[in-house]
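1. based on what follows, work out the 3D shape:
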Amino acid sequence: KYNINAPAEMTKWIAQNNDENKHYKVCDLFKTWAHRNLSYNVEAKKYLEDRGISSDFINKFEIGYCPKNDKVEKFTSTAIKNGILHSDIVRAGIIYSQKYSFQKLKYQFSFEDRIIFPIENHTGICSGFGSRVFKKSDNRAKYVNSPSCKEFTKGNILYGFSKSRSAIQQSKKAFIVEGYFDTISMHQNGYVNTVATMGTSFTEAHISSLSKITDEVVIIYDGDESGRSAVIKLIKLCWQNIINTKIVNLPAGEDPASLAKDNRLSKSIIETIDGLEFFIDKTTTEFKNSSMKKKEEILCEIIDFLKNINDEKKLSVFISEISNKLSISHIFLQRLLDKSKISQIKENETITKSNKQIKNKYEELIIAFIYCCISLYKENKAEIDKIIQVIMNKNTPEKYKNIWDEFIKYFSTNKNYEYQHFFAIMKHDIKEKFLYYTLTNKFSIKHLKIFYRELQKVKLKELLNSFEYSNPSQNLEKHRTLSKIIRDYSYKNFDEE
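-> Residues are numbered from 1 along each chain as shown. Next up is the predicted model:
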């Protein structure tokens, strides 16, 4: 009547106002606001100038300044005019609230009196911020980043990636440095194919992003002990993902910015070391100056590293080189390597066998569980719906989800249904297994709780089975999954009386 397409309008409104879009809108507004504020702060601009960052690159990377807390209201009022609520700004981590007299809320900046580095996700959208103190008298933490959330996770984002992608693809090479200033200095000196992590180690997600556009990385590091360990971990991660590595070992106390000032940066970058040679040189040097126990650990590390080399010629050269540097028999090293490979094969076979047993146990339990739910559904609908929400998750095979969906459809369209009839008309390849329970079992709600707990035990065993042998960089996600399963296992609706 009024020519209004309500569903389409509603869809558009929801799309524009979901949490993800609001987060990006808040970040974009704060980025622009902070960048404008930098022009008013002489001290912050002088600090950036002293660090060698030109005004052109301040603008390119949209570096900003967050003023003191007396300007919070000025920013929030600007945000409100743009349709952004206080809660949206808090969620984005730009401000936080504190209660004071009469339980009123007082808002403060998370990045008060700091230089601001907008951080873009890999599609070029600002999703978070890094910040740094710049006054000598400021004793607060040097760097503060936006809190992790769905839209911003440091372990998934490389600083400068969106600005470097094209150059990395063209050059087939990516430079990896430490932090914001090193990245900007490299870009300013013509090395536009440069990225950095943000106070975290390199992750599988970082390497995955790079491996899609290049097969070589050049790691620039400062040469101290912590830097050496980080580089060796990164070399291993790159090697596992079939990415060649080269190393630029900077002089002590130097970084790309300081070298660029004296025109020494290009010379240092030319003098690269092959990643594998770097690994061998550092580990063998450490080996010679270590205790017997430490030597055993280093030797295990070397063997573990050699296992990942599939090129027989390279492997032979490296074994020979390591043998000479460690003054250890070439034959002995080869035997250790062969023994380690055989042990790995046996370990993989054990894991495969164990996983197969777990899979069979899971299928047996899930079939009994679904049968139990269906047979008791009419009398226990509310409780079973809660159980199903926990069990039927993203890790559940599709065929079992489909069976449940088909049953709900059957239940809702057949008021006088019989669950035995539903199993009789099933078309799935596991129909016979369900029919077996129809003939041999009668279940109660107590059985349902038992099946639930047994299913969770099987999932726990599967996770723990893989956790012990997994790549360390993958353990964080597995730990989160394990925590969720434990929470689900303790789900209050299934506690035994």
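
2. ok, residue 286 - how many residues close by?
-> 15 (other C-beta atoms under 10 Å). C-beta coordinates here come from the backbone N, C-alpha and C atoms, glycine included.

3. which helix or strand contains it?
-> Residue 286 belongs to helix 275-288 when assigned by DSSP states H and E.

4. pretty sure residue 61 contacts residue 118?
-> Yes. The pair residue 61 / residue 118 is scored as a contact, 7.4 Å apart, by C-beta atoms under 8 Å.

5. can you list contacts of stretch 189-201?
-> 119, 130, 143, 145, 154-155, 157-161, 163-164, 167-168, 170-171, 173-180, 182-183, 186-187, 206, 210, 230, 233-234, 256, 260, 265-266, 269, 473 (C-beta atoms under 8 Å, 6 or more residues apart in numbering).

6. gap between the two ends of it?
-> 25 Å (C-alpha to C-alpha, to the nearest Å).

7. which parts of that stretch are buried?
-> 189, 191, 192, 193, 194, 195, 196, 197, 198 (16 or more other C-beta atoms under 10 Å).

8. before we move on, what about stretch 246-255?
-> Neighbour-count burial for stretch 246-255, counted by 16+ other C-beta under 10 Å, picks out 246, 247, 248, 249, 250, 255.

9. now the last one: phi and psi?
-> Residue 255 adopts backbone torsions of phi -140, psi 170, taken as degrees, to the nearest 10.

10. isn't it right up against residue 182?
-> Yes. Between residue 255 and residue 182 a contact is recorded at 5.7 Å, counting by C-beta under 8 Å.

11. so where does residue 119 fall, helix or strand?
-> Per DSSP H and E: strand 114-120 holds residue 119.

12. rewinding a little: pLDDT, secondary structure and distance to residue 318 for the buried residues of stretch 246-255 - can I get that in a markdown table?
-> Listed next are the buried residues of stretch 246-255 as a markdown table, based on pLDDT from 0 to 100; DSSP: H, G, I helix; E, B strand; the rest coil; distance: C-beta to C-beta, whole Å:
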| residue | pLDDT | secondary structure | distance to residue 318 |
| --- | --- | --- | --- |
| 246 | 92 | strand | 16 |
| 247 | 90 | strand | 16 |
| 248 | 88 | strand | 21 |
| 249 | 80 | strand | 20 |
| 250 | 80 | coil | 25 |
| 255 | 80 | coil | 31 |
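
13. select, from the residues you listed, the two members most distant in space.
-> Pairwise distances across the buried residues of stretch 246-255 peak at 18.1 Å for 246 and 255 (criterion: C-beta to C-beta).

14. this structure: strands as residue ranges?
-> With strands called from DSSP state E, the chain shows them at 64-66, 95-99, 105-109, 114-120, 126-132, 143-145, 174-178, 194-197, 216-221, 244-249, 273-274.

15. which of those strands has the lowest mean pLDDT?
-> Among the strands of the chain, strand 95-99 carries the lowest mean pLDDT, at a mean of 83.

16. mind listing the helices for the stretch 201-350 of the chain?
-> Assigned by DSSP state H, counting those that start in this stretch, the stretch 201-350 of the chain shows helices spanning 204-211, 225-240, 256-261, 265-270, 275-288, 292-306, 312-326, 330-376.

17. turn those into a markdown table, columns for distance to residue 419.
-> Listed next are these as a markdown table, based on distance: least, C-beta to C-beta, whole Å:
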| stretch | distance to residue 419 |
| --- | --- |
| helix 204-211 | 45 |
| helix 225-240 | 50 |
| helix 256-261 | 69 |
| helix 265-270 | 71 |
| helix 275-288 | 62 |
| helix 292-306 | 54 |
| helix 312-326 | 61 |
| helix 330-376 | 5 |
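
18. tell me which of the ones you listed approaches residue 98 most closely.
-> helix 204-211 (34.4 Å).

19. contacts for that closest one, please.
-> Residues contacting helix 204-211 (C-beta under 8 Å, 6+ apart): 122, 155-156, 158, 161, 168, 174, 195, 197, 217, 237-238, 241-243, 471, 473-474.

20. let's see that with 10 Å instead.
-> 122, 153-158, 161, 164-165, 168, 174, 176, 195, 197, 200, 202-203, 216-217, 234, 237-238, 240-243, 471, 473-474, 476-477 (C-beta atoms under 10 Å, 6 or more residues apart in numbering).

21. would you indicate which residues of the strand holding residue 119 are buried?
-> Neighbour-count burial for strand 114-120 [16+ other C-beta under 10 Å]: 114, 115, 116, 117, 118, 119, 120.

22. now the residues you listed as CSV including distance to residue 32?
-> Formatted as CSV, those follow (distance: C-beta to C-beta, whole Å):
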residue, distance to residue 32
114, 17
115, 16
116, 11
117, 14
118, 9
119, 15
120, 14
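
23. just the buried residues of the contacts of helix 204-211.
-> Counted by 16+ other C-beta under 10 Å, the contacts of helix 204-211 give 154-158, 161, 164-165, 168, 174, 176, 195, 197, 202-203, 216-217, 234, 237-238, 243, 473 as buried.

24. point out where the stretch 1-150 of the chain drops to low pLDDT.
-> Along the stretch 1-150 of the chain, segments meeting pLDDT under 70 span 1-18, 99-104.

25. report the separation between residue 378 and residue 403.
-> Here the criterion is C-beta to C-beta, to the nearest Å. By it, residue 378 lies 17 Å from residue 403.

26. give me the more crowded residue out of these two.
-> Remark: of residue 378 and residue 403, residue 403 carries more neighbours, 22 against 12, as counted by other C-beta under 10 Å.

27. does the more buried one touch residue 426 like I think?
-> Yes. Residue 403 is within contact range of residue 426, at 7.4 Å (criterion: C-beta atoms under 10 Å).

28. between these two, which contacts overlap?
-> With C-beta under 10 Å, 6+ apart, residue 403 and residue 426 have common neighbours residue 434.

29. give the buried residues for stretch 132-149.
-> Under 16+ other C-beta under 10 Å, the buried positions of stretch 132-149 are 132, 133, 134, 144, 145, 146.

30. distance-wise, check residue 29 relative to residue 376.
-> 53 Å.

31. so between these two, which is more surrounded?
-> residue 29 (21 against 18).

32. quick check, the more buried one in contact with residue 84.
-> Yes. Counting by C-beta under 10 Å, residue 84 is a contact partner of residue 29 at 6.7 Å.

33. anything in contact with each of those two?
-> 78, 92.

34. measure residue 238 to residue 308 for me?
-> In terms of C-beta to C-beta, residue 238 sits 10 Å off from residue 308.

35. hmm, I typed the wrong one, I wanted residue 328.
-> Using C-beta to C-beta, residue 328 is found at 20 Å from residue 308.

36. repeat for residue 373
-> Distance from residue 373 to residue 308, by C-beta to C-beta: 46 Å.

37. ok, the two, which is more surrounded?
-> The neighbour comparison of residue 373 against residue 308 (other C-beta under 10 Å) goes to residue 373, with 24 against 11.

38. does that one touch residue 451 like I think?
-> Yes. Here residue 373 reaches residue 451: they are 8.7 Å apart, a contact under C-beta under 10 Å.

39. contacting residues around residue 220?
-> 175-178, 182, 186, 191, 194, 196, 227, 231, 246-250, 255-256, 259, 265, 268-269, 272.

40. show me what it is bridged to.
-> Beta-bridge pairing of residue 220 under DSSP bridges involves residue 248.

41. same list, the strands of the chain, but as a markdown table with distance to residue 36 please.
-> Converted to a markdown table, the strands of the chain look like this (distance: least, C-beta to C-beta, whole Å):
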| stretch | distance to residue 36 |
| --- | --- |
| strand 64-66 | 8 |
| strand 95-99 | 18 |
| strand 105-109 | 15 |
| strand 114-120 | 11 |
| strand 126-132 | 15 |
| strand 143-145 | 21 |
| strand 174-178 | 28 |
| strand 194-197 | 25 |
| strand 216-221 | 33 |
| strand 244-249 | 36 |
| strand 273-274 | 44 |
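
42. I am finished for the moment; much appreciated.
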